[in-house]
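Novice: Curious how this folds, go ahead:
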Amino acid sequence: MASHPVTKTIEPALTVFSGAEIRVVLLPVGEAPEAAFQRYASLIVQHRQVELNNVRSFYKEAQKSPFKFFPWKTGNMHFKFLPEELALQPSPLAPLHNHRRVLGVIGVMHCPNVEDVSKAYAQFEQRCKAFPDAFTVRCFAFEPSDEQIQEDRKGQRNFIMFPPGDTEQLDNHAEVVMHDFAACLLAELERWMLNASPAMVDLSTLVDSPEFAGASGALEAVQTRLYSDEELKTKKRYGRLQKAMGDHCLLAGSPLDAQDHYSTAVELGRTTQDWIYLAAALEGYAAAKILAAAIAHGAFAINQSSVFNDEEQWRTPRKSPVADDAKSDGSQLSEASRSSSAFGGAQFWAALRGVDKLEAEVRSLFADSKATLRRRGAQPLLVESDLKLARFLAGLHGGLARREVSEIVSGLQLAAEVLPLPEDRLLTFVEGAQVLGLVGSARKRVLLLWQAVELSKFLGFPNTRTLDVARKALEPPDDPRDPESEADVWAKGRPLVQGGAPRSWPQVRAGCLEAVLGLAIYAKHHTDVWDAAAALLRDHASELSAHRMQSLLENLLAAASQMATPDKNRPGPGPPPLLFFLAPRPPPLPQRPVQFTIGLRQPGNGALTGRPGSGPFLYDPFSAKREQAAAAKSQAVAAGPVQWVCGEVAGVEVEVSNPAAVGMRIDKMTLEAAYLGDASMAPKEYMTITSSTQVAWKPKPVSLNIPANTKPVRIVLEGTPLLKGMLVLTGCRLTAFGGVSWFQPWSHHPPSIAQQLAYSTRRDGAGAGEGLAAAGAGVPGAGGSDAAAAPEARVSVVEPLPLVQLSLQPAEGPGSGREEAGEGLGLLPLPSSGGGGGTAGGADGGLAAPAGPRALRLLQGQVYAGRLTITNCSKVPLGWASVNVRHKEARSRLAIAVDGAALLAQMPLAAGQSCSVPVTVSAGVRATHAAEELFSADICLECVSQDAAGPLLQGNGSGGGDGGSGSSSKTAGAAGTAQTVLGRHAVLPVQAHVQPSLQVVQVGFRDLWLPAKQAAGGTAAAAGPGGAGGIGGSRGSSSGGGSSSSSSSTFERRCVMEVAVSNRGRWPLQVWLGPAVADATQLVAAAAGDTLLPQAVPPAAAGLPTLGSLPPGRRCTVAYILDASHTDTGSSSGGGSSSGDASGSASGAAAGGGGSGALSAPFGNSGSLLPPAPAPVRPGASWEDQQRQACAERLSRSLTLFYRVDAEEAGLPGVSPAVCSPLLLLCCVFRRSTAVPYQVQQRRAS
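Specialist: Reported below is the predicted structural model:
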């Protein structure tokens, strides 16, 4: 009989594969903290399946193996790791089922917390004596110091020190050590098989007692009389020995050898009528057949990342490393350790379903086993047999076996009533409920677990035991197709989840939580009190009264004050507020990353109209808005995740709500993000980045004071990405109630009435409640892992990019007195003190308030000279930049030119440095417009970091200029290397307030007789600043006009051009005529060099008005002496008739031919300062008119009317005329003129 009082005979989580699992207990050695033990135990637990092919290299064959069909190439050994408290519980049926014995012990020692290693190891050996059946003992020591390594270890043959290293190296070393442990266990199993004898078998076990199996019947007594007592005992011992040898073969991983021993045990058991051992042998035979079929059909997955299959794993990290020190809180192990079994998975069950007649044979063996057990009435063994079969069918068929499994569980409920032990009755209800969860019967499972809670209270079990049952009602059921889904016996302090109860049963879920709360208060489990009260406030606020919510808040405060410091870091969700994910904020347009080879994405056309209604209404006017929102969302998802820049502050829009009737004070809330790595990096670099030595996300904490019953309020949470790659926004970390911290995932929006009606009638494999839960999970921004994996929650982080600030200053630079007053001309001051516009950003990548557009006050025809300053505000050097101007108006109104070549010549630009390039702003002329106009343009800068500027520099990308020429050359250079270059696009808005200046009233010509020498001198003087070698460019060759025929030997007739102008503005101006300039840049250069002067006239023409002063609203006339270069057509040698007086000759010379009459012709500048106006449509002209037209056009290209503001008359404060004139020099171009012989005939210029 058993030496310990029997409290239970049924064990939890039994399957048909339990007979192949070797039980190994894990013991903490020394004063190791719980978090350290959990972390290092996870390294061992994840190797619960080892391949015999790899074990063979550690195996040493001492003598001939007793296994005839050992599968060295395809077999596996399986371990089931148990904590000490479970392993110490007595197993009264261990003689019947040898796999229930503890055959291995592994100690985990954390050397930094152990003062005397030898003493701690001696204590470990003493504790191992509590497990007398243990074959193999090991003690693993982690993080040893140099002194501990050098200590003498004689006599400690089972002591193994792990070399210092990171988690990946420890994982590789643990795999090798566990294969050595498996080899030692295999050798011990072989030794037991070789030394086994019938004398080792006990015939007075628990199953032989009448209390367990009942008294034998009369027929059995008659049959046993056929043999003598000794002969019967000998056969019984041989039969039981064969069954035990089959168990050890199954544990060693040789199912074919096990079948031989089980078949012999079945024959002897029938002969001796040893019914209980016969039933156990039949179940073992069924397990051996299943495992043999699994090995033969490749059901077990091969670990490709094993160090035995790939030696590179010694040097590269694994695909799924264990949680690092930063993330390990001691509450749970990694995903690899969640299961204590290696059987399961889609590949495993698919392979078994493909085996012909396997299920029928297994069903037949279990039917024979149950029939045999009924002969003795062993009800606990019948319950275990039904549970094993039900779990096997659930794994093989899933939800398709729901009906059969439900019938089996219904029979278990009836069988539980006749079980003698209360613990067995409770376990029958709990295990039956878990089996119902395997086939998707969630509601039946919850109800059965609720009955188990009430039964536990009725039977008087401790509050802790009842609390565990109540927690199971809230936890999700296991999935037999997932090997990682079984209950985790290691998860101490795991969070309370509610995945077990359907969402459509809120009252049942609330009742389960209330039960957990009450039991946890009595059991003094403060963490469970916290989790249950938080879940009630978070998920069931609408079902609770305000008084009950206040009581729950008091429970939270009391539990927070009693929890230990490590327990205050809760891994699961907590009390309100609820968080709803909206969208990550893209960076502002000036700071948004740009792919130059693709260009900026243009917004799609969202102009949608209404459509006929799909409901009871004939027309739905809101359909357009809904379709537009859906289209915008689909376009955003198709465009990919939002791009953030590494090292710069980013924001996420979330909604915060408090459904409870009590206010919440959140001391600290931070946005949490999971780093998925960079797909463009090599696997080695990828895993290096995700190690614990680097942080990928730095959140910015905020505090909240949320009143009661708060509707969703939109807020923005910020943080800084620190690594390039992909981030998943998972939720927020909240801290309140005296330092308790919890992770709050994104919540589901409550389903609408239409969704409830749609999913209430759905009947699928998950049930109606699960269908509704799936509906809530599909809502955008919903919580949990589904929301974290949604496309909207993913953010792509690009490499650090340069951040520039653009500003516009006068040509002499800021601080030199060139900023005019608000009522003056030129660059106007900003409304507030600060930078000069463009993009603003600090050196740390933070955002500042963007400045408004830079404003200029100009006169019509003015050319303003300034400088564009580019400041690198980031920590990344600027390697390439291209500047262009985006004109929003016609260039005849406003034209801006930037010297892009000068900008490219100053690259690279280090962090914090600035450079400047010249900028010219030209205002157009409208002859008939007398009011102030507002024009705007954008100066656009595209920049690339120095590391990414190589393809652009190799492609000869220029700096661009006005019109975007640099942009085209940049794109061509980048496309030559077929690379995508990331950069930034900065914009500086410029506004020009253009005021009226001059208006041409009339243009006329008259003769002027000058002495020959003075005329020549006048011509030379006139050609000085703007002749063939002047600013106006080269003139065509002169070929003599009609004036030479009537000139005398002493005087020469010249033509004088007189222009009458009026000042329409409010500034006093100085006006003169001069040779035209090529473009605005040369005009500014000439003004700076003081070469734009009025024409110097000879003494004989003294008094000719070459320079005029124009007060506002006044009118004056300016003149200019023409020479042959202004009037020669270049195609005729004196055409036309000559008049008899001088003025007629002068008119003929001015018009390029003889004759009289008026002639109107276009009059514009030949350079690119302002483009000429289109020629008007005129009727056909004679040859003489065409010659006059050509002469007038040549004259208009040769001369320009210049004017500047008279600084003394204007009264500009603090500015002298000499200093001001280069900056306030203006140029006006007139479109039409009138040529009249002898007299001045007024005609208004168009």
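
Novice: Sketch out the low-pLDDT regions of the stretch 101-250 of the chain for me.
Specialist: Applying pLDDT under 70 to the stretch 101-250 of the chain flags the ranges 214-228.

Novice: any idea where the strands of it begin and end?
Specialist: Using DSSP state E, counting those that start in this stretch, the strands assigned to the stretch 101-250 of the chain run over residues 102-110, 136-142, 159-161.

Novice: Sheet partners, orientation included, of the first one?
Specialist: Within its sheet, strand 102-110 is paired with strand 21-29 (parallel), strand 136-142 (parallel), according to DSSP bridges.

Novice: Per-residue pLDDT of Ala491, please?
Specialist: pLDDT, Ala491: 50.

Novice: element containing the closest residue in space to Asp202 that isn't next to it in sequence?
Specialist: Spatial nearest neighbour of Asp202, excluding adjacent residues (C-beta to C-beta, 6 or more residues apart in numbering): Pro95 at 6.1 Å. All C-beta atoms are positioned from the backbone trio N, CA, C, and that covers glycine. In the assignment (DSSP states H and E), Pro95 maps to no helix and no strand.

Novice: how close does Pro95 get to Ile276?
Specialist: Separation of Pro95 from Ile276 (C-beta to C-beta, to the nearest Å): 11 Å.

Novice: rewinding a little: what residues does the residue nearest to Asp202 make contact with?
Specialist: 202, 205-207 (C-beta atoms under 8 Å, 6 or more residues apart in numbering).

Novice: what does Arg353 give?
Specialist: Leu396.

Novice: Ok, Thr920 next?
Specialist: Applying C-beta under 8 Å, 6+ apart, the residues near Thr920 are 863-866, 896-897, 1080-1081, 1084.

Novice: among the residues you listed, which are in strands?
Specialist: 863-866, 896-897 (DSSP state E).

Novice: which one of those sits closest to Glu454?
Specialist: Checking the ones in strands among the contacts of Thr920 against Glu454 with C-beta to C-beta, the nearest one is Ile896 at 83.4 Å.

Novice: thinking again about what came up before, now do the shared contacts for Pro95 and Ile276.
Specialist: Val207.

Novice: Show the average pLDDT along stretch 1055-1066.
Specialist: For stretch 1055-1066, mean pLDDT is 85.

Novice: Show me which positions of that stretch end up buried.
Specialist: By neighbour count on 16 or more other C-beta atoms under 10 Å, the buried set for stretch 1055-1066 is 1055-1061, 1063-1065.

Novice: Just give me the closest of those residues to Leu185.
Specialist: Among the buried residues of stretch 1055-1066, and counting by C-beta to C-beta, the member closest to Leu185 is Gly1065, at 102.3 Å.

Novice: Quick check: which element contains that closest one?
Specialist: Assessed by DSSP H and E, Gly1065 sits outside every helix and strand.

Novice: And for Gly731?
Specialist: With DSSP H and E as criterion, Gly731 is part of strand 725-736.

Novice: hang on, the earlier thing: could you dump the contacts of Thr920 into JSON lines with pLDDT added?
Specialist: JSON lines is the format used below for those (pLDDT from 0 to 100):
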{"residue": "Val863", "pLDDT": "85"}
{"residue": "Tyr864", "pLDDT": "86"}
{"residue": "Ala865", "pLDDT": "86"}
{"residue": "Gly866", "pLDDT": "87"}
{"residue": "Ile896", "pLDDT": "88"}
{"residue": "Ala897", "pLDDT": "88"}
{"residue": "Ala1080", "pLDDT": "74"}
{"residue": "Thr1081", "pLDDT": "75"}
{"residue": "Val1084", "pLDDT": "75"}
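
Novice: for this protein, where's the lowest mean pLDDT among helices and strands?
Specialist: strand 1159-1162 (a mean of 28; mean pLDDT, DSSP states H and E).

Novice: average pLDDT for the helix or strand that it is followed by?
Specialist: Once the chain leaves strand 1159-1162, the next helix or strand it forms, by DSSP H and E, is helix 1183-1198. For helix 1183-1198, the mean pLDDT works out to 74.

Novice: May I have helix 1183-1198 as PDB, with CA atoms only?
Specialist: The C-alpha coordinates for helix 1183-1198 follow below in PDB (Å, rounded to 0.1, in the frame of the first residue of the first chain):
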ATOM      1  CA  TRP A1183       7.000  96.500 -97.000                       C
ATOM      2  CA  GLU A1184       7.600 100.000 -95.700                       C
ATOM      3  CA  ASP A1185       5.500  99.400 -92.600                       C
ATOM      4  CA  GLN A1186       7.400  96.100 -92.000                       C
ATOM      5  CA  GLN A1187      10.700  98.000 -92.100                       C
ATOM      6  CA  ARG A1188       9.400 100.500 -89.600                       C
ATOM      7  CA  GLN A1189       8.100  97.700 -87.400                       C
ATOM      8  CA  ALA A1190      11.500  96.000 -87.400                       C
ATOM      9  CA  CYS A1191      13.300  99.200 -86.500                       C
ATOM     10  CA  ALA A1192      10.900  99.900 -83.600                       C
ATOM     11  CA  GLU A1193      11.400  96.400 -82.200                       C
ATOM     12  CA  ARG A1194      15.100  96.800 -82.400                       C
ATOM     13  CA  LEU A1195      14.800 100.100 -80.500                       C
ATOM     14  CA  SER A1196      12.700  98.500 -77.800                       C
ATOM     15  CA  ARG A1197      15.300  95.800 -77.300                       C
ATOM     16  CA  SER A1198      18.000  98.300 -77.000                       C
END
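
Novice: Let me know the closest of the ones in strands among the contacts of Thr920 to Pro462.
Specialist: Ile896 (84.1 Å).

Novice: any idea how far Ala534 is from that closest one?
Specialist: 61 Å.

Novice: Equivalent analysis for Val16, please.
Specialist: For Val16, the distance to Ala534 - C-beta to C-beta - is 40 Å.

Novice: if you count what's nearby, which of the two comes out ahead?
Specialist: More crowded of Val16 and Ala534, by other C-beta atoms under 10 Å: Ala534, with 27 against 22.

Novice: backbone phi and psi for the more buried one, please?
Specialist: phi -60, psi -40 (degrees, to the nearest 10).

Novice: Now do the contacts for it.
Specialist: By C-beta under 8 Å, 6+ apart, Ala534 lies in contact with 556, 573-575, 742.

Novice: Of the residues you listed, which belong to helices?
Specialist: Leu556 (DSSP state H).

Novice: CSV for the contacts of Ala534, including pLDDT and distance to Leu250?
Specialist: Shown next, in CSV, are these (pLDDT from 0 to 100; distance: C-beta to C-beta, whole Å):
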residue, pLDDT, distance to Leu250
Leu556, 93, 50
Pro573, 90, 43
Gly574, 90, 46
Pro575, 93, 50
Trp742, 93, 45
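
Novice: Out of the contacts of Ala534, the closest to Gln126 would be?
Specialist: Trp742 (40.8 Å).

Novice: what's the neighbour count on that closest one?
Specialist: 23.

Novice: next one: Leu589
Specialist: Leu589 has 14 neighbouring residues, counting by other C-beta under 10 Å.

Novice: and it, how far is that from His985?
Specialist: 7 Å.

Novice: Ala281 and Asp260 touch, don't they?
Specialist: No. The criterion here is C-beta atoms under 8 Å, and Ala281 misses it with Asp260 at 11.8 Å.

Novice: More neighbours: which of these two?
Specialist: Ala281 (30 against 17).

Novice: which residues sit in contact with the more buried one?
Specialist: Contacts of Ala281 (C-beta under 8 Å, 6+ apart): 239, 242-243, 246, 262, 265-266, 269.

Novice: Nothing else from me, thank you.
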